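> Quick one: sequence and predicted model below, then my questions.
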Amino acid sequence: MNYETILVAHRGPTALVTLNRQDKLNAMSMILKEELIRVLRELDADTNTRTIVITGAGQKAFTAGADIQEFQGRTAIEQWRMYERMTLYDTVDRIAKPILAMINGYCFGGGLELAMACDIRIAAAEATLGQTEINIGIIPGGGGSQRLARLVGLGNALKLTLAGDRVDASEALRIGLVDEVVPQARLEQRTFELAAKIASKSALAVRLAKAAVRASARLPLDQGLRYEQSLFSLAMASEDKEEGVRAFLEKRDASWKDR
Ligand code: COA
């Protein structure tokens, strides 16, 4: 499949998706968002892909956010029509396989919303992040007002969203906006190491675990606990549970069937 604004590469079980508009700091145009939605759905259905990494082309930017150029002249009705279809952020949220955001530079506005919709965020020490929409007179529209508060707490979310400040990677790590920070030179190695480790587990168990943990962000505790019990019961019915338990007792590595 050919894409205009995205590159896709496969490294063993991990697919690398690169936002590729380097001259615009990988700003997310409508075409880029549509292509990203398409590629993520394809990778989710591809049996050879177990984990997905999203990054930006070049050394400077993950993505500088939505393409601001395209905001000019957009009407409220046009914006609403876009929300009637499933957005990029909804799509990322619903992909069953783990998605890692490899944040290699600027990560602003819609770019931060994309990273926050992913499962794990690993940033280069040189990266800067911000929920910066307020600086151009708008507010987050890709889930930022909800996901940011869940990640960093209400006070930090309000501070970032209202002041529109950029924070460096170490501050992002401190407040829980990213999960790990490594020097730029080690970013790819560390991200792929983690992606490969996840890919080495039972793909079925990984999908169930992801669904259970992510539910904690949207369900009240009693419903979340019930949901976990349902998925745990499902895991009990899998061939991989039989294999995993037997392998442990026989002191050998498990050979996963992913069913
Ligand atoms: N949308 C569209 N184009 C963007 C963009 C965006 N979000 N961010 C950067 N670009 C473009 C610039 O217009 C410029 O294009 P040009 O060379 O045709 O003029 C190119 O990318 C390089 O950006 P530039 O501003 O020259 O780079 P810089 O290193 O001086 O500054 C930023 C980098 C990220 C600080 C600055 O570009 C910026 O503030 N961008 C907007 C970030 C933002 O608020 N995003 C949220 C949008 S809701």
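Arrived safely, thanks for sending.
> Three-state assignment for the nearest residue to D46 once chain neighbours are set aside, please.
Nearest non-adjacent residue to D46, counting by C-beta to C-beta, 6 or more residues apart in numbering: A15, 7.5 Å away. Placement of C-beta: from N, CA and C, glycine included. Under DSSP: H, G, I helix; E, B strand; the rest coil, A15 falls in the strand class.
> what sits opposite A15 in the beta ladder?
Beta-bridge pairing of A15 under DSSP bridges involves H10, I52.
> isn't it right next to T49, touching?
Yes: with contact defined as C-beta atoms under 8 Å, A15 and T49 form a contacting pair (4.6 Å).
> hmm, back to that, now do the contacts for the residue nearest to D46.
Counting by C-beta atoms under 8 Å, 6 or more residues apart in numbering, A15 makes contact with V8, A9, L43, D46, T49, T51, I52, V53.
> And for the residue of the stretch 1-150 of the chain found nearest the ligand, nearest residue in space, chain neighbours not counted?
The minimum distance from the stretch 1-150 of the chain to the ligand, using C-beta to the nearest ligand atom, falls at G109 (2.4 Å). Spatial nearest neighbour of G109, excluding adjacent residues (C-beta to C-beta, 6+ apart): G65 at 3.0 Å.
> Can you give me the neighbour number for that neighbour?
Using other C-beta atoms under 10 Å, G65 has 27 neighbouring residues.
> doesn't T132 make contact with it?
Yes: G65 is within contact range of T132, at 7.1 Å (criterion: C-beta under 8 Å).
> shared neighbours, the two?
Any residue near both G65 and T132 by C-beta under 8 Å, 6+ apart counts here, and that gives F108, G109.
> shared neighbours, A15 and T49?
With C-beta under 8 Å, 6+ apart as the test, A15 and T49 both reach L43.
> Perfect, I'm done here.
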